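1. Dropping the sequence and predicted coords here.
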Amino acid sequence: MEAEAVEMLETEEGEAAAPEEHRLLRRALSWLPGVLLLAGLVAVVNHAGEGQRFAEMLEQARPAWLLVGALLQAATYVCAAAVWHRPLHKGRARCTVRSLVPVAVARLFVDQVVPTAGFGGRLLVVRALRRRGVHVGLAVAAILVDLLTLYAAFAVSVVASLAIVATLSDLNRLVLVLAGLFAIFALAIPSTVLWFSRGGERTPPAWLHRLPRADELLREVSRAPRRLVRNPRVLLQAGGLQLVIFLLDGATLWAMLRAVGYEASPLGMFASFIFAQVAATVFLVPGGLGTFEASSVAMLALFKVPVEAALTATLLLRGLTYWLPMAPGYWLSHREIKKRVPKVPAQAA
C-alpha cells in the first residue's frame, strides 16, 4: 500500500520518477530504523521478564475502553476537517465538515507511510479540495492555515507538557532534548512557509530539499489569499481545533491505560503523548514507527507507569491511530487522486 501511495503522489501531473528499484530501496530503508527500534523495544520488555504480563494485558484489554478510544480518535478526524472548513467557509467554498472527514483519513495515511513532515499529506488535501470544486488559492489557504495553527498549537502543548513534567515528575535529558529539537522545527517550518506566502521569486533553503514534497508545496503557497491566511478569527478558531486534537489524542492514551487496568494522571498522559509525538515528528521515520513507541514508554515511565502497561497502552494507541486507519486511508487516498479536477473560475486573492 505504501509503495502505491508514494507512486500516486510522485507520478501525478507528469512528475519525473526515479528508477523503480531506487524508489523501492529508498522506501524500504526509510522504514528500517523504525522497525528495528520497535522490535528492540519489544525484545527489551521480553528480556526483562515482562513478556508474559505484556501478552496477558493485550489479551485482557477492556473492550469498553477500547471503544472510548476509537470514538476519541473519530473525533480527531472531525476536528481536522473542521480546521480546513474554517478558511473554506470564510472563502465561501461549498464544502461541509462531513464531506472533508474522508480527506482527513486519506491525509493521515499519506503522512504515515511517507516521511515528509506532513508536506505530502497536505498536497493530497490541496488536490482533494480542487476535486471538490475549490479554487486552488483557497485550497492552499486551507492547508496553510492548517500548517501554521498546527505548529502553534503544538508549541503551546509542548510548553504545557514541560510544565506538567516539571511539576509531576522530572525534566530529564530526554524531555529537554525533544523540546529542543521541536523548537527548531516549530521555528523553521512555519517561518519558511510565511516567508514564501509573501509572493515573489524565492529560492527554498537548502535544508528543505531533505523534506520530500516540501518544494512542491511551497511553490503553491504564494497562491493563498492573504486575507484568509492572516485572518485572526480564522486562525484562532483553527488553532483551538488543533489544540482539541492534541487533547483527544492524549485522552486516547489515558483510555488505553484504563483498558489495561491501570489508572494514571490525565495530565501526565497528555504530556507523554505530546513528547512521543515530538519524537515522531522530528525523526523522519514513516509514521514515527519505533520512535513514537520508544518515547511513549520512556515518558510513561517518568510518571511511574510499569513498563508492561506502558508498552501495552502505547501499542493499543498505535493500533487506533496508525494501523486501523491504514486500509480506509489507502482506499480514500487512491479515490481522491483518481478523481478528475473540475474547471474552477479564477478567484481573486
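-> Looks like it came in fine.
2. Check which residues of stretch 260-277 are buried.
-> Of the residues in stretch 260-277, 260, 262, 264-265, 267-277 count as buried by neighbour count, 16 or more other C-beta atoms under 10 Å. (Glycine included, C-beta is placed from N, CA and C.)
3. Repeat that for stretch 68-75.
-> Those would be 68, 69, 72, 73, 75, for stretch 68-75 by 16+ other C-beta under 10 Å.
4. and if you look at stretch 300-311?
-> 300, 302, 303, 305, 306, 307, 308, 309, 310, 311.
5. quick one: the residue nearest to the second one when sequence neighbours are not counted from residue 254, how far?
-> This means residue 302. Closest residue to residue 302 apart from its sequence neighbours, by C-beta to C-beta, 6 or more residues apart in numbering: residue 169 at 4.4 Å. Using C-beta to C-beta, to the nearest Å, one gets 16 Å for the distance from residue 169 to residue 254.
6. When those two are compared, which one has more neighbours?
-> Neighbour tally, residue 169 and residue 254, criterion other C-beta atoms under 10 Å: the higher count belongs to residue 254, 27 against 18.
7. Contact partners for the more buried one?
-> Listed by C-beta atoms under 8 Å, 6 or more residues apart in numbering, the contact set of residue 254 reads 264, 266, 269, 270.
8. Likewise for residue 86?
-> 145, 234, 237, 238, 241.
9. mind checking pLDDT for the second one?
-> Think residue 234. Listed pLDDT for residue 234 reads 92.
10. Check which helix or strand it maps to.
-> Element membership of residue 234 [criterion: DSSP states H and E] is helix 232-259.
11. Please apply the same query to the first one.
-> With the criterion set as DSSP H and E, the secondary-structure element containing residue 145 is helix 136-168.
12. Report all helices and strands that the helix or strand following that helix contacts.
-> Under the assignment DSSP H and E, the closest C-terminal helix or strand after helix 136-168 is helix 173-197. Applying 3 or more C-beta pairs under 8 Å, 6 or more residues apart in numbering; DSSP states H and E, one finds that helix 173-197 makes contact with helix 136-168, helix 214-221, helix 266-282, helix 291-302.
13. Tabulate those helices (JSON lines), appending mean pLDDT and distance to residue 338.
-> Listed next are the helices and strands packed on helix 173-197 as JSON lines, based on pLDDT from 0 to 100; distance: least, C-beta to C-beta, whole Å:
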{"stretch": "helix 136-168", "mean pLDDT": "91", "distance to residue 338": "18"}
{"stretch": "helix 214-221", "mean pLDDT": "59", "distance to residue 338": "19"}
{"stretch": "helix 266-282", "mean pLDDT": "92", "distance to residue 338": "29"}
{"stretch": "helix 291-302", "mean pLDDT": "89", "distance to residue 338": "31"}
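14. Looking at the ones you listed, which is nearest to residue 181?
-> Closest of the helices and strands packed on helix 173-197 to residue 181 is helix 266-282, at 4.3 Å (criterion: C-beta to C-beta).
15. counting contacts, what elements does that closest one pack onto?
-> Packed next to helix 266-282, using 3+ C-beta pairs under 8 Å, 6+ apart, are helix 136-168, helix 173-197, helix 232-259, helix 291-302.
16. Residue 174 contacts residue 298, doesn't it?
-> Yes. If you go by C-beta atoms under 8 Å, residue 174 and residue 298 touch, sitting 5.8 Å apart.
17. And these two? Which one has more around it.
-> Neighbours per residue, other C-beta under 10 Å: of residue 174 and residue 298, the larger number sits with residue 298, 20 against 17.
18. wait, the more buried one sits on residue 175?
-> No. Judged on C-beta under 8 Å, residue 298 makes no contact with residue 175 at a distance of 9.3 Å.
19. in the protein, what spans have low per-residue confidence?
-> Counting by pLDDT under 70, the chain shows low-confidence ranges at 1-59, 114-120, 192-224, 284, 286-287, 339-349.
20. helix/strand/coil for residue 263?
-> Following DSSP: H, G, I helix; E, B strand; the rest coil, we place residue 263 in the coil state.
21. Next, it: phi, psi?
-> Backbone torsions of residue 263, given as degrees, to the nearest 10, read phi -100, psi 140.
22. Contacts only, for it.
-> Residue 263 sits in contact with residue 257, where contact means C-beta under 8 Å, 6+ apart.
23. What of the one 4 residues further on?
-> Residues in contact with residue 267 (C-beta under 8 Å, 6+ apart) are 164, 168.
24. For it, give its distance to residue 234.
-> Counting by C-beta to C-beta - residue 267 and residue 234 are separated by 30 Å.
25. ok, now residue 243?
-> Per C-beta to C-beta, residue 243 is found 15 Å from residue 234.
26. Then residue 105?
-> Residue 105 sits 23 Å away from residue 234, going by C-beta to C-beta.
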